[in-house]
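A.B. asks: build me a structure from this.
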Amino acid sequence: MAAPDDEATVPTPGGEGLPELLAARRRKLERLRAEGIDPFPPEFDGVVPTADVRAAHEDLADGAEADARYRVAGRLAARRGGGKAAFLDLVDRSGRIQLHARVDVLGQASLDRLVGLDLGDLIGVDGTVFRSRRGELSLRVEDWTLLAKSLRPPPEKHHGVQDVETRLRHRELDLIGNEDARARFVTRARIVSALRRGLDEAGFVEVETPVLQPLYGGANARPFTTHHNALDRELFLRIAPELYLKRLIVGGLERVYELGKDFRNEGVSHKHNPEFTMLEFYEAYADYGDVATRTEQLVAAAAGAAGYAGELDFTPPWRRETLTEAIRSRTGIDILAAHDRDALAAAMAARGLTVPPEDTWAQLVDELVSKHVEPTLIQPTFLTDYPVELSPLAKRHRDDERLVERWEAYAQGMELANAFTELNDPDEQRRRFEQQRADAAAGDAEAQPYDESFLQALEQGMPPTGGVGLGVDRLVMVLTGQRTIREVVLFPAMRDEGETAR
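C.D. replies: Model (predicted):
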């Protein structure tokens, strides 16, 4: 006879009654072994996704049968009936399918073992397709195999895991109990594939640069530090691959990209995770306008691959607005007229805006952007032409020496990408590094370190180049309608279990 379904209501690991349920499952495991049944067989070849079965028989009429025979596998999610016949639900990555098991096909002993399985057990099934009189596409079970005995009860079958902390710490439970979560991470994979495909088809070469670096650079951020025992030296987890990728442009690869993990030792928020996925691509003989066009095309293709149907319009061309005008229109402050720290602080204070007392002029500009401009950029927008003080790796603007050729792309009030016409004058880059070194000495913990190896590479000659860094996690957030980065990262960084937030 079937085991009771009430064990499917266990909400979280460690819930009430869990020890008794665990013990009952262990007893079933031992009975299976005593009967000579391997509860963890090594393989089950020839499995077809249940979605393929459903797609192949969309037109099958109610009450009709097909000759087609399929092998499916997945997790037992529900069961109804017993004795002479039973219906069971099997769930795999692609969806759910109903199984119909009958004593005249399986025999009483096999049917009893099948309906006596626990919810959450993994099974493989061979069967033929039919559609029930109620219209449910089903498989009539001809044979079945236990593939893995589940020793813990699954999440509550109707609502999944509701506790946010549990969902994020035990993502496997979230994926078992939440079809939307499974679909979201499949969508993420499609987005990543679309980005790669777009660059591959445009002649870019995918490369891999060091994650452990002797000197971090390519962004304004604090690094994670580690020690290499054999080399007896301090190393850093990269904050960006930018400087290595530009060295490959110097070497003649001309179009390169890297899609991988970066690490920044900074705060955790709804849009920040210390370990995150970044796409960076660099294109010789291009400028920031050219790579803006390419970014529009890549993101539009990713939105199509994701099946995005929200309120944002990613169709190129996107809206463009200069950073100076964006700040002026929203705060009344002309940052180029108030081009020193005291003048800008006074202008902000006069308008009742927050003035962090330790911030430099560049940091105050960033404060104005993040607090007063960024939240207003809902539709895809390029914010262009930044002050040189904010951009130590970008080329000076061809029409205004106070600015650099840089843009940041925003959507849904959040930065998605950052790009430059890359600085390829080694002498100017050396002067910028000197200023960053001075900023670090003055207390800026996120200033760029001085990188002599990169300067020597530039002295070999780097062609005009446009480069982009695109935050993949944030793009997935926008395209899947999520409000926090933790919902699009399978295993986000979290505090120790039980530790309260500080």
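
A.B. asks: could you tell me whether S138 really is in a strand?
C.D. replies: Yes. Assigned with DSSP: H, G, I helix; E, B strand; the rest coil, S138 falls within a strand.

A.B. asks: what packs against the strand or helix carrying D342?
C.D. replies: Mapping D342 onto the secondary structure by DSSP states H and E places it in helix 341-350. Judged by 3 or more C-beta pairs under 8 Å, 6 or more residues apart in numbering; DSSP states H and E, helix 341-350 is in contact with helix 361-368. (Each C-beta comes from the backbone N, C-alpha and C, glycine too.)

A.B. asks: quick one: work out the angle between the very next helix or strand once past the helix it packs on and helix 361-368.
C.D. replies: Remark: after helix 361-368, the chain's next helix or strand is strand 381-387, criterion DSSP H and E. Using axes from the mean of the first three to the mean of the last three C-alpha atoms, to 10 degrees, the direction of strand 381-387 lies 160 degrees away from that of helix 361-368.

A.B. asks: show residues contacting strand 381-387.
C.D. replies: Here strand 381-387 makes contact (C-beta atoms under 8 Å, 6 or more residues apart in numbering) with 288, 292, 318-324, 326, 335-336, 362, 365, 369, 373, 377, 394, 397, 400, 402-411.

A.B. asks: which among those end up buried?
C.D. replies: Using 16 or more other C-beta atoms under 10 Å as the burial test, the contacts of strand 381-387 include 288, 292, 318, 321, 323-324, 326, 335, 362, 365, 369, 373, 377, 394, 397, 403-411 as buried.

A.B. asks: which stretches in the stretch 201-350 of the chain count as helices?
C.D. replies: Shown for the stretch 201-350 of the chain, the helices assigned by DSSP state H, counting those that start in this stretch span residues 242-250, 288-306, 323-331, 341-350.

A.B. asks: out of those, deepest packed?
C.D. replies: Most buried of the helices of the stretch 201-350 of the chain, by mean neighbour count (mean count of other C-beta atoms under 10 Å): helix 242-250, with a mean of 22.

A.B. asks: and for the lowest-mean-pLDDT helix or strand in the chain, what's in contact with it?
C.D. replies: Every helix and strand of the chain was ranked by mean pLDDT, DSSP states H and E. The lowest is helix 164-169, at a mean of 88. Applying C-beta under 8 Å, 6+ apart, the contact partners of helix 164-169 are T12, P13, V161, L173, D174, N178, A181, R486, F491, P492, M494, E497.

A.B. asks: among those residues, name the ones in strands.
C.D. replies: If you go by DSSP state E, the contacts of helix 164-169 have nothing in strands.

A.B. asks: point out where the stretch 1-150 of the chain drops to low pLDDT.
C.D. replies: For the stretch 1-150 of the chain, the stretches flagged by pLDDT under 70 are 1-16.

A.B. asks: all strands in it, in order from the N-terminus.
C.D. replies: Ranges of strands in the stretch 1-150 of the chain, per DSSP state E, counting those that start in this stretch, are 65-82, 85-92, 95-102, 122-131, 137-148.

A.B. asks: export these as CSV, with columns for mean neighbour count and distance to V115.
C.D. replies: Output for the strands of the stretch 1-150 of the chain, formatted as CSV (neighbours: other C-beta atoms under 10 Å; distance: least, C-beta to C-beta, whole Å):
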stretch, mean neighbour count, distance to V115
strand 65-82, 17, 5
strand 85-92, 20, 5
strand 95-102, 20, 7
strand 122-131, 20, 12
strand 137-148, 19, 11
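
A.B. asks: could you measure from the closest residue in space to W144 that isn't next to it in sequence over to A51?
C.D. replies: Closest residue to W144 apart from its sequence neighbours, by C-beta to C-beta, 6 or more residues apart in numbering: V125 at 4.8 Å. Here the criterion is C-beta to C-beta, to the nearest Å. By it, V125 lies 15 Å from A51.

A.B. asks: looking at this, N418 is in a strand?
C.D. replies: Yes. Under three-state DSSP, N418 falls within a strand.

A.B. asks: may I have the beta-bridge partners of it?
C.D. replies: According to DSSP bridges, the partner residues bridging N418 are E408, G469.

A.B. asks: give the contact list for it.
C.D. replies: Contacts of N418 by C-beta under 8 Å, 6+ apart are R406, W407, E408, A409, V468, G469.

A.B. asks: my read: the fourth one touches T295, true?
C.D. replies: Yes. Counting by C-beta atoms under 8 Å, A409 touches T295, with 6.3 Å between them.

A.B. asks: overlap of the contact sets of the two?
C.D. replies: Shared contacts of A409 and T295, counting by C-beta under 8 Å, 6+ apart, come down to A417, A419, L470.

A.B. asks: which stretch among the helices of the stretch 201-350 of the chain comes nearest F185?
C.D. replies: Nearest to F185 among the helices of the stretch 201-350 of the chain is helix 288-306 (11.8 Å), distances taken as C-beta to C-beta.

A.B. asks: on that earlier part again, and the contacts of N418, which is closest to R75?
C.D. replies: Comparing the contacts of N418 against R75 with C-beta to C-beta picks out G469 as the nearest, at 39.1 Å.

A.B. asks: can you count the residues close to the closest one?
C.D. replies: 22 (other C-beta atoms under 10 Å).

A.B. asks: pretty sure it sits against E280.
C.D. replies: Yes. Using C-beta under 8 Å, G469 is in contact with E280, at 4.7 Å.

A.B. asks: got any residues that touch both of these two?
C.D. replies: Common contact partners of G469 and E280 (C-beta under 8 Å, 6+ apart): A240, E242.

A.B. asks: next up, the contacts around the residue lying closest to Y244 once chain neighbours are set aside.
C.D. replies: Computed as C-beta to C-beta, 6+ apart, the closest residue to Y244 that is not its neighbour in sequence is T209, at 3.7 Å. Counting by C-beta under 8 Å, 6+ apart, T209 touches R238, P241, Y244, L245, L248, E258.

A.B. asks: walk me through the domains of the chain.
C.D. replies: Split into domains by automatic domain parsing, the chain comes to 5-159, 179-318+379-487.

A.B. asks: of the ones you listed, which is nearest P356?
C.D. replies: Using C-beta to C-beta, the nearest of these to P356 is domain 179-318+379-487, at 12.7 Å.

A.B. asks: what pLDDT, on average, does that closest one get?
C.D. replies: Regarding domain 179-318+379-487, the rounded mean pLDDT is 96.

A.B. asks: what's the span of it from first residue to last?
C.D. replies: 14 Å (C-alpha to C-alpha, to the nearest Å).

A.B. asks: could you do stretch 464-479 as well?
C.D. replies: For stretch 464-479, the first and last residues are 32 Å from each other (C-alpha to C-alpha).
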